[in-house]
Structures are given as structure tokens and as C-alpha cells.
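**Student:** The following block contains a protein sequence and its predicted model.
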Amino acid sequence: MKKNEHANIKIYETYLDVGKYFLEKDWYQQAIRFFTKAIDLDPNNGIAYEYRGIAVGRTYQYEDSIADFIVALRIDGASVGIFNNLGLAYYKLYRFDEALEWYNMAIKLYPDIGLFYSNRGLAYYYLDEYEKAILDYNKAIKLKTTDKDVYTYRGEALASLGKYDKAIADFDKALAFNPGDIQAYAGKVLVLDCCKTG
């Protein structure tokens, strides 16, 4: 390896590390700037595109985020992280059918990650496929998902099917984990009001 190539690799890694640091701190514009510098230095390395896609998505520029993830996918090939991030970006654009496709690919690659089932469950929920959403939430819970809101989501799906007692039980579980969960509290209040008037 030539001296200049070695120096460029070190600079690339430094840009990437600084970008990751800013991303962790929620300083997205700064993160984007450093990931872009890394891309300028090595446009054939998909990692910087993937990280920039994450940072860009956090600034609500989901179409641009998708473009970065697609480039990363072309360069590095199939990646569970990219599949899940593409699913999230399409979900944020309310393009739930497309989100499902990417979540399905992530689950196919890694069927033992609960977060992917929780994410896919949300897409099913917004497509009014509540039974499928509940099955995914059940799987996510069984796999000990890192998504702390999964009981709230399942409660909402159960309420949508008129299974109010089970919905309230899930909202109570969500509130036991996080007493400040406004979504769970609101869901429980709505179900209780519905049961009184129904």
C-alpha cells in the first residue's frame, strides 16, 4: 500500500468516526457533513452512505435517506441494517407496502431480531392488518425486542379489533414499564371511554 493511500484510509476512518460521534450526539447536520467528506474521499465504500442515510433521515429528508441506503446496498450488497433502515424511511413516508418489503428482507436475513418484527407490525397496523400486526408484536415480545413501546402498539391493534380487555392489559404493561407513556395512557382512556359508551 502506498503512503498516500494509507493516509487517505486514516483520514476516511477519522471522518467516519467524527460523523458517528455527531450522530450519537444528535448533531445531524455536522454528522452529514463528515459522512459526506468520507464519501468524497472514498465514494466506493458503502458504510459512509449508510450512516449518512441515517443522519439525513433524522432530519426528515426521507427520500434523500433512501437514496443513500440504495447506494450503500449497491456497493456492499445485502445488509440487514440497510434493509431495516429502508423500511423505516418508507414507513416515515407513509409508504407502508414498501416498508413491509424491506422489513421482510431484514427478517429473512435475521429472523431472531425482535425489533424488526415490531417495526413490521407497525406497517401492518397502518395497513389495517391488525391480526398480522399482533402476530408480529407477539414475536417481537417473545424475542425480547429492544422496542419499549411494543405493548402500546399491540394494545392499539387489539383495541382496533374490539378486544378491549386484552388492550387494557397491554396498555397497563406499557405503563408499568414507562409510567410517562402518553400513547399508552391515551389508548387506555379511549378504550375505557369506548367501553362505557358502547
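**Tutor:** The structure has been received and is ready for your questions. Residues are numbered from 1 along each chain as shown.
**Student:** what helices or strands is the longest helix that the chain contains leaning on?
**Tutor:** Among the segments of the chain that qualify as a helix by DSSP state H, the longest is helix 3-24. Other helices and strands packing on helix 3-24, by 3 or more Cβ pairs under 8 Å, 6 or more residues apart in numbering; DSSP states H and E, are helix 28-41, helix 46-58. All C-beta atoms are positioned from the backbone trio N, CA, C, and that covers glycine.
**Student:** in it, what's buried?
**Tutor:** 12, 15-16, 18-20, 22-23 (16 or more other Cβ atoms under 10 Å).
**Student:** CA atoms only for that helix - export them in CSV, please.
**Tutor:** Coordinates of each C-alpha in helix 3-24 appear next as CSV, following Å, rounded to 0.1, in the frame of the first residue of the first chain:
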residue,chain,number,x,y,z
LYS,A,3,1.9,6.1,1.7
ASN,A,4,-0.8,8.4,0.2
GLU,A,5,-3.4,5.5,0.1
HIS,A,6,-2.7,4.7,3.8
ALA,A,7,-3.1,8.4,4.7
ASN,A,8,-6.4,8.6,2.8
ILE,A,9,-7.7,5.5,4.6
LYS,A,10,-6.8,7.0,8.0
ILE,A,11,-8.5,10.3,7.0
TYR,A,12,-11.6,8.4,5.8
GLU,A,13,-11.8,6.5,9.1
THR,A,14,-11.4,9.7,11.0
TYR,A,15,-14.2,11.4,9.1
LEU,A,16,-16.4,8.3,9.6
ASP,A,17,-15.7,8.3,13.4
VAL,A,18,-16.4,12.0,13.8
GLY,A,19,-19.6,11.6,11.8
LYS,A,20,-20.7,8.7,14.1
TYR,A,21,-19.8,10.8,17.2
PHE,A,22,-22.0,13.7,15.9
LEU,A,23,-24.8,11.2,15.0
GLU,A,24,-24.7,9.8,18.6
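**Student:** which outside residues touch it?
**Tutor:** With Cβ atoms under 8 Å, 6 or more residues apart in numbering as the test, helix 3-24 has contacts from 28, 30-35, 37-38, 41-42, 45, 47-48, 51-52, 54-55, 58.
**Student:** contacting residues for Phe34?
**Tutor:** Listed by Cβ under 8 Å, 6+ apart, the contact set of Phe34 reads 15-16, 18-19, 22.
**Student:** redo that, cut-off 10 Å
**Tutor:** For Phe34, the contacting residues are 14-23, 27, 48, 51-52, 55, by Cβ atoms under 10 Å, 6 or more residues apart in numbering.
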